[in-house]
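K.L.:
quick one, structure for this:
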Amino acid sequence: MEQIGIVERIEGKQAVVTVARASACGENCAHCKGGCTPTKVQARVENGAGAKPGDLVKLETSTAHVVQASLILYFVPCLFAIFGAVAASNLFHSTAVAAVCAGAAFFACFAVIKLFDKKIAPVSNITKIIKRVDGR
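P.N.:
Numbering: from 1, shown residues only. The predicted model follows:
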């Protein structure tokens, strides 16, 4: 997965880069009638290319890591919710209790994911400096 961004600041061996957030519509705003406003996010990335603040850079992230993180973020909470609902239904024989337990398991899963966020988050690297701030 590749993205283009602008380096905001350098923090040790990492850079904070502002990139346009990709959306399902493909961010082709000139041809879109949706009326949405493109959003930007900041990402902390490895600065292997030696970029400086203001540089336009290309970021690369392993597609496999992005898919893995997406599965963990979207699929695992659903499994927790299903497990919570089935377990509560079998224990308490109540649909209301099962629904509450499913919701609790769903949100508890996000707390667990947050604990392991640093380990499962995909790591991006600056692979190329497209345009230096000093014009080179």
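K.L.:
okay, now residue 127: neighbour count?
P.N.:
14 (other C-beta atoms under 10 Å). For every residue, glycine as well, the C-beta is placed using N, CA and C.
K.L.:
to clarify, my last question referred to residue 131.
P.N.:
Neighbours around residue 131, by other C-beta under 10 Å: 12.
K.L.:
ok, the residue nearest to it when sequence neighbours are not counted - how many residues close by?
P.N.:
Nearest residue to residue 131, sequence neighbours excluded (C-beta to C-beta, 6 or more residues apart in numbering): residue 56, at 4.2 Å. Neighbourhood size, residue 56 [other C-beta under 10 Å]: 16.
K.L.:
could you number the chain from 31 rather than 1 from now on?
P.N.:
With 31 as the first residue, the last one maps to residue 86.
K.L.:
so residue 86 sits against residue 34, correct?
P.N.:
Yes - Residue 86 lies in contact with residue 34 (C-beta atoms under 8 Å); the separation is 6.7 Å.
K.L.:
need the residues touching each of the two.
P.N.:
Here residue 86 and residue 34 share the contacting residues residue 160, scored by C-beta atoms under 8 Å, 6 or more residues apart in numbering.
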